[in-house]
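> Sequence first, then the predicted structure:
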Amino acid sequence: MNPFIGIRFKKDTAKQFQTFSRRFFKTHTEALQTMLDFFIYNEISPKESFGPNGRTIQNLIKKRFNAMVAIMKNMEKHGVLPTKAMIELLFENSPQKKRRQAPLLMEGRKSDPERDRFFKKVEEAINIEKENTNLKNDLKQNRTELIALLNKVQLVKSNFGKPKLQLNMTPEDFDKLKLKLKKELH
């Protein structure tokens, strides 16, 4: 049997430790030994920061989600307009054919300002539609990356307090992700 020894603690600290110890362990000795084992086994100091935690990961995910919401709002605001503009240009605002006029072809002999304006508007509408398609593809890729990131987050239950979220990702991959997000914001 191991003998006991007395250690002096401030009264408030001792009460706090006793409350914590009773909540998670059978004896105060077991509580203190488990804490010491934790720090020795993991080769960390109790004063050292653990780096990214659930709160910082949550903030990163919120920022990414807010960026996606902004893209979606932009698509809602501007995404339907190119198709509508193209239809209006093709059916309503197209230049009217005049009597004895040659068909409206791009390779016309004479320059027709009305025809040139029409084709310029159609070309602009097509470019806007291409940009809209690119935004949709970017949004789809962002969603896929976000889901992949969320799949790497798992709940970890701790003996020392509330459960926390843990990101199962190498520090190099995490740094690459941060750099990619920073580049996309600028």
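Sure, I can see it.
> Neighbours of Ala125, how many?
Neighbourhood size, Ala125 [other CB atoms under 10 Å]: 20. For the C-beta atoms, the positions are set from N, CA and C on the backbone; glycine is no exception.
> Specify the next element, helix or strand, located C-terminal of the helix or strand harbouring Ile147.
Element membership of Ile147, judged by DSSP states H and E, is helix 113-151. Remark: after helix 113-151, the chain's next helix or strand is strand 153-156, criterion DSSP H and E.
> helices and strands of the protein: which one bottoms out on pLDDT?
Lowest by mean pLDDT, DSSP states H and E among the helices and strands of the chain is helix 81-87, with a mean of 55.
> quick one: average confidence on stretch 133-142?
On average, the pLDDT along stretch 133-142 is 85.
> Figure out how far it is from the centre of its chain.
Computed by CA atoms, centre = their mean, to the nearest Å, the chain-centroid distance of stretch 133-142 equals 14 Å.
> buried ones in that stretch?
The neighbour-count check on stretch 133-142 (16 or more other CB atoms under 10 Å) flags Leu135, Leu139, Asn142 as buried.
> The residue nearest the centre of the chain sits in which helix or strand?
Centroid-nearest residue in the chain, with CA atoms, centre = their mean: Arg64, separated by 2.6 Å. Assigned by DSSP H and E, Arg64 belongs to helix 54-78.
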